[in-house]
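[1] Requesting a structural model of the entry that follows:
(4 chains)
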2 protein chains.
Amino acid sequence: MQSPLRPSAKDALIEAAYTVLSQNPGASLSEVAERAGVGRATLHRHFAGRDDLVRALAQLAIREMDEAVDAACEGAQTQGDALRLSLEALIPLGDRHGFLAREPLENDPEIAAEFDRQLRETQEVVKAAQEEGVFDRAVPVAWITQAYDHLLYAAWESVKAGETTPAQAAGLAWRTLTHGLKEPSS
Amino acid sequence: MQSPLRPSAKDALIEAAYTVLSQNPGASLSEVAERAGVGRATLHRHFAGRDDLVRALAQLAIREMDEAVDAACEGAQTQGDALRLSLEALIPLGDRHGFLAREPLENDPEIAAEFDRQLRETQEVVKAAQEEGVFDRAVPVAWITQAYDHLLYAAWESVKAGETTPAQAAGLAWRTLTHGLKEPSS
DNA sequence: ATTGCATGAGACATATATGTCTCATTTGGT
DNA sequence: ACCAAATGAGACATATATGTCTCATGCAAT
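    Predicted structure coming up:
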């Protein structure tokens, strides 16, 4: 039975790795260990090497995002709702998203496959939402998905910069995607 | 007088570095030289080291983006037009944008200052466009700028993926930013 | 108190990237 | 044809990151 009394070194390492590697993918493992407040040897006790660490982070990030989306979709009445709720749920995971975007992991076929799956799932929901009338049928699904992803990351950056709360950022991103930022009256 | 008859090794190196380093910031200089079809020694003849190369790329990227924006603003009647034309002009420079985003250069104060300047300039134009009625006054300038930047990059990725032409991507990004993707009729 | 386990610190070897140098070759201009 | 400059290939030394190991320490459970 693992005792959570002593703060788990592995968890500290994972969190530190997200922070350090999403800010600088080329950072040394020493920097990661230092940020985690942990000796470098301990890092190697939990992860065989850099590749191991990165793969563990990527898989965890993918899992967390899947879980967040699944939970959000539970309470969704429509596909449009599912997208809106998922957006809100994914914003706090922005550092994971950023890590996955900056770390070069096209080499890992397993991770790449998961990426493809997530993209396809998102596109499916987008397409369904489009058929509900949430989006213009004349707009390509690929573009809507691109805009969704990038506005999601923009929302996270806005939160990270302290400009908005997560809820505000989610509202702004969703409005931008659906209504745009034009003056409502005009 | 430099003879452009022989394809400039320096230019080839710069172009290769954009491609390689924007895809993998941790790539070795050997990979950059190889992609450029140039010996590794030649790279060091033109750039003192990795830092030199990265700084040269960053400064060139910033200069190219400035020039593109300046040229685009020449033909703009309004600030809203300036934003729309700049968007279109910046899309082909998406690889530069991506390079600047992925490469950790917060350490370089000179580059960071240029970044700040560009951000402020964009925010100024956004604010002016907002006062023209292009954007809702209730929406924070910071968010509009964030959305502008990220939709710009989304447009570049859409073009790079072969999903759209640059002109189509610019149109979609601008529509998303101003009108959103909702069905026009409803 | 004692035992077991994870950890921290550091030594050590190794791999890779980097930076410098030399020399033969090619290219472009004269 | 000749010359000067740039280049390619490769040797070489060095720095840094990485991976492994050992040993002493601290903490928790018994």
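[2] all contacts plus neighbour counts: C-alpha atoms, from now on.
    Noted.
[3] Helix B:94-102 and the host helix or strand of residue A:96, what's the angle between them?
    Taking DSSP states H and E as the criterion, residue A:96 maps to helix A:94-102. Angle of helix A:94-102 versus helix B:94-102, following axes from the mean of the first three to the mean of the last three C-alpha atoms, to 10 degrees, is 130 degrees.
[4] The very next helix or strand once past helix A:94-102 packs against which elements?
    Next in sequence after helix A:94-102, counting helices and strands by DSSP H and E, comes helix A:109-132. With contacts defined as 3 or more C-alpha pairs under 8 Å, 6 or more residues apart in numbering or on different chains; DSSP states H and E, helix A:109-132 has these neighbours: helix A:50-74, helix A:79-90, helix A:141-160.
[5] among the ones you listed, which is nearest DNA strand C?
    With C-alpha to the nearest atom of the strand as the measure, helix A:50-74 is the member of those nearest DNA strand C (12.4 Å).
[6] Spell out which residues of chain A are next to chain B.
    A:23-26, A:102-104, A:133-137, A:139, A:142-144, A:146-147, A:150-151, A:154, A:158, A:163, A:172-173, A:175-184 (C-alpha under 8 Å from any C-alpha of the partner chain).
[7] 7 Å instead, please
    Counting by C-alpha under 7 Å from any C-alpha of the partner chain, chain A comes close to chain B at A:24, A:26, A:102, A:104, A:133-136, A:146-147, A:150-151, A:154, A:176-183.
[8] which regions of chain A sit below the pLDDT cut-off?
    Within chain A, the ranges that satisfy pLDDT under 70 run A:1-7, A:185-186.
[9] One more pass at 80, please.
    Where chain A drops to pLDDT under 80, the residues are A:1-7, A:183-186.
[10] neighbours around the closest residue to residue A:137 other than its chain neighbours, how many?
    Excluding the flanking residues, the one nearest residue A:137 by C-alpha to C-alpha, 6 or more residues apart in numbering or on different chains is residue A:130, at 6.2 Å. Using other C-alpha atoms under 10 Å in any protein chain shown, residue A:130 has 23 neighbouring residues.
[11] Residue A:184 now?
    Neighbour tally, residue A:184, other C-alpha under 10 Å: 10.
[12] With residue A:147 instead?
    28.
[13] Enumerate every residue touching the nearest residue to residue A:16 once chain neighbours are set aside.
    Distance criterion C-alpha to C-alpha, 6+ apart; nearest residue to residue A:16, sequence neighbours excluded, is residue A:36 at 5.1 Å. Residue A:36 makes contact with A:12, A:13, A:16 under the criterion C-alpha atoms under 7 Å, 6 or more residues apart in numbering or on different chains.
[14] tell me which element the last one falls in.
    For residue A:16, the element it lies in under DSSP H and E is helix A:9-23.
[15] From the residues of chain A next to chain B, list the buried ones, please.
    A:24, A:26, A:102, A:104, A:134-136, A:146-147, A:150-151, A:154, A:176-183 (16 or more other C-alpha atoms under 10 Å in any protein chain shown).
[16] one step back: I'd say the residue nearest to residue A:137 and residue A:139 touch.
    No. Using C-alpha atoms under 7 Å, residue A:130 is not in contact with residue A:139; the gap is 9.1 Å.
[17] do you know how far the most centrally placed residue in chain A is from chain B?
    When C-alpha atoms, centre = their mean is applied to chain A, the residue found nearest the centroid is residue A:97 (3.1 Å). Residue A:97 sits 14 Å away from chain B, going by C-alpha to the nearest C-alpha, to the nearest Å.
[18] coming back round to it: moving C-terminal from the helix holding residue A:16, which element do we reach first?
    Scanning forward in sequence from helix A:9-23 by DSSP H and E, the next helix or strand is helix A:29-35.
[19] Now do that following helix: distance to the chain's middle.
    Mean-position distance between helix A:29-35 and its chain equals 23 Å (C-alpha atoms, centre = their mean, to the nearest Å).
[20] packing partners for it?
    helix A:9-23, helix A:40-46 (3 or more C-alpha pairs under 7 Å, 6 or more residues apart in numbering or on different chains; DSSP states H and E).
[21] how far away is the residue lying closest to residue A:53 once chain neighbours are set aside from DNA strand D?
    Spatial nearest neighbour of residue A:53, excluding adjacent residues (C-alpha to C-alpha, 6+ apart): residue A:47 at 5.6 Å. The spacing between residue A:47 and DNA strand D, counted by C-alpha to the nearest atom of the strand, to the nearest Å, is 8 Å.
[22] does residue A:47 really touch residue A:54, like I thought?
    No. Using C-alpha under 7 Å, residue A:47 is not in contact with residue A:54, being 9.3 Å away.
[23] which of those two has more neighbours?
    Comparing residue A:47 with residue A:54 by other C-alpha under 10 Å, the one with more neighbours is residue A:54, at 22 against 17.
[24] on that earlier part again, of the contacts of residue A:36 - the most surrounded one?
    With neighbours taken as other C-alpha under 10 Å, the top of these is residue A:13, carrying 23 neighbours.
[25] residue contacts, that residue?
    Per C-alpha under 7 Å, 6+ apart, neighbours of residue A:13: A:33, A:36.
[26] Distance check, the residue nearest to residue A:16 against residue A:45.
    Using C-alpha to C-alpha, to the nearest Å, residue A:36 is found at 14 Å from residue A:45.
[27] same question, residue A:64
    Residue A:64 is 24 Å from residue A:45, by C-alpha to C-alpha.
[28] More neighbours: which of those two?
    Each of residue A:64 and residue A:45 had its neighbours counted (other C-alpha under 10 Å), and the higher figure belongs to residue A:64 (15 against 10).
[29] Can you tell me the closest non-neighbouring residue to the more buried one?
    Nearest one to residue A:64, counting by C-alpha to C-alpha, 6+ apart, is residue A:93 at 8.0 Å.
[30] Alright, calling it a day.
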